[in-house]
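**Q** requesting a structural model of the entry that follows:
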Amino acid sequence: MTEPRTIVLTGASSGIGRKAAVTLAKGGATLAIVGRNPDRTRAVAEEVGGVAHVCDFDRLDDVRRLADTLLDAHPRIDVLANNAGGLVSRRETTTDGYERTLQSNHLAPYLLTRLLLPRLVESSGRVVSTSSAANLFGRVRLDDLNYGKRAWLGGWGAYSQGKLLTNMFISQLAARSSVSAFAFHPGFVSTNFGMDTSVMRLMNTVTNGNYGISAEAGSVPLVQLAGPTTIDVPSGTYFDQLKPFGRQNHQAKNVLLAEAVWDRSAELVGLPSTL
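**A** Below is the predicted model:
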């Protein structure tokens, strides 16, 4: 009898993460539900018959503890779905000294992936990261990953850079490891994303909440990429919803820059750059 696939799903306490968790569990997967809000995270875990793991990505020590817990609990990890992240309207730094958007969208998932990677390799596993079409508007500056030298503009620039970093991370992970790795844009989803920003509050008011696609529709690419189906495109591919080879910022194709981002990210989280 084949053992159920084990999927670690971050950002699973709401939005497309919660919808994906429900669908993946119905397909027979064992879910490790990772979220920041304790009550919501436990509620989703109970709903899908999974295990709740509360983790604050604003604290890298929390990420390290999460990785240790997951490795102790799961002798096999088939998929790591890096879905957590977000947009913040005001520039703030974490306890680790990094800008919050950079840490939650890039450094924390980078660290978690690196710490779980040996187990994923053993399982011939897969890493799936939630990105965004906003990557097109990002600009990676190695001298300003913390976004302290540029206009904040409600956090959209930092968010766009973060999602561009996600795509670069996935391309490098594919190049450096034996796991398969994919990033995807879920579509313009109507959730509570960015509701502390004036732009999203205005859009919500003007449309009476009827903008974008539903969280259920936005979860479809995540379910497909994290599911058991073979992905018949090269590892490292970025999907625009279900369409492979989506449009990306030109920096995403700059291999030397992506390599430098990988090395700098390793340094910032205290890991060697080599696997």
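**Q** tell me, what's the model's pLDDT at the residue lying closest to residue 130 once chain neighbours are set aside?
**A** In this structure, residue 130 finds its nearest non-sequential neighbour in residue 83, 4.6 Å apart by Cβ to Cβ, 6 or more residues apart in numbering. (Each C-beta comes from the backbone N, C-alpha and C, glycine too.) We have a pLDDT of 98 for residue 83.
**Q** list the contacts of residue 83.
**A** Residue 83 makes contact with 9-12, 16-17, 20, 129-130, 222, according to Cβ atoms under 8 Å, 6 or more residues apart in numbering.
**Q** which two among those are spaced furthest apart?
**A** Spatial extent of the contacts of residue 83 (Cβ to Cβ) is set by the pair 12 and 129 at 14.1 Å.
**Q** have a look at the two and say which one is more surrounded.
**A** Higher neighbour count among residue 12 and residue 129: residue 12, with 32 against 29, using other Cβ atoms under 10 Å.
**Q** just the element for that one, please.
**A** If you go by DSSP states H and E, residue 12 is not part of any helix or strand.
**Q** what about the helices in the stretch 51-200 of the chain?
**A** In the stretch 51-200 of the chain, the helices defined using DSSP state H, counting those that start in this stretch lie at 60-73, 100-102, 108-122, 156-176, 198-206.
**Q** quick one: which of those helices is nearest residue 227?
**A** Distance to residue 227, taken as Cβ to Cβ, is lowest for helix 108-122 among the helices of the stretch 51-200 of the chain, at 16.0 Å.
**Q** show me what the closest one packs onto, helices and strands only.
**A** Using 3 or more Cβ pairs under 8 Å, 6 or more residues apart in numbering; DSSP states H and E, the elements in contact with helix 108-122 are strand 6-10, helix 60-73, strand 79-82, strand 126-130, helix 156-176, helix 255-269.
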